[in-house]
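S.K.: sequence-free structure coming up:
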């Protein structure tokens, strides 16, 4: 079963077994991970599920779509090269991910 490791901005980590096909955001919300607000519920109309993807995992993810790229310019925390919206990151078989949540989402 794939796993997602969420690290908050203070360095505290939590690893969660994820369901294939779910988004990283859905996994976070379902398991009460702090730091993922997800105001729009995954409809790509806010940027409150912003995460920083670990550089070693970034290559295994699909390229960012134009709409996600546009939404990332509205994040409350600094946008970085490894910024993604967790609602757009689907969990796949055999793909463990490591993401860090920013200090704030709103």
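M.R.: Looks like it arrived, so ask away. Please read all numbers here as calculations on a predicted model, not as lab measurements.

S.K.: where exactly do the helices run in the chain?
M.R.: With helices called from DSSP state H, the chain shows them at 24-30, 55-58, 66-71.

S.K.: Can you mark which positions in the shortest one are buried?
M.R.: By neighbour count on 16 or more other CB atoms under 10 Å, the buried set for helix 55-58 is residue 57. The way it works is simple: take the backbone N, C-alpha and C, and place the C-beta from them, glycine included.

S.K.: Can you name the residues in contact with it?
M.R.: Helix 55-58 is contacted by residues 82, 95, 96, 97, 98, 99 when judged by CB atoms under 8 Å, 6 or more residues apart in numbering.

S.K.: try 7 Å
M.R.: Contact with helix 55-58 is made by 82, 97, 98, as judged by CB atoms under 7 Å, 6 or more residues apart in numbering.

S.K.: Quick one, which of those are buried?
M.R.: 97, 98.

S.K.: now the contacts of helix 55-58 as CSV including pLDDT?
M.R.: As requested, these are exported to CSV (pLDDT from 0 to 100):
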residue, pLDDT
82, 97
97, 97
98, 98
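
S.K.: okay, the contacts of helix 55-58 in CSV with distance to residue 31 next?
M.R.: What follows is the contacts of helix 55-58, written out as CSV (distance: CB to CB, whole Å):
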residue, distance to residue 31
82, 22
97, 14
98, 16
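
S.K.: so where is the protein shaky, pLDDT-wise?
M.R.: Low-confidence segments of the chain (pLDDT under 70): none present.

S.K.: can you rerun that using 90?
M.R.: By pLDDT under 90, the low-scoring segments of the chain are 95.

S.K.: Enumerate every residue touching the most centrally placed residue in the chain.
M.R.: Taking CA atoms, centre = their mean, the centroid of the chain lies closest to residue 86, which sits 2.7 Å from it. Neighbour list for residue 86: 23, 24, 25, 28, 36, 49, 51, 99 [criterion: CB under 7 Å, 6+ apart].
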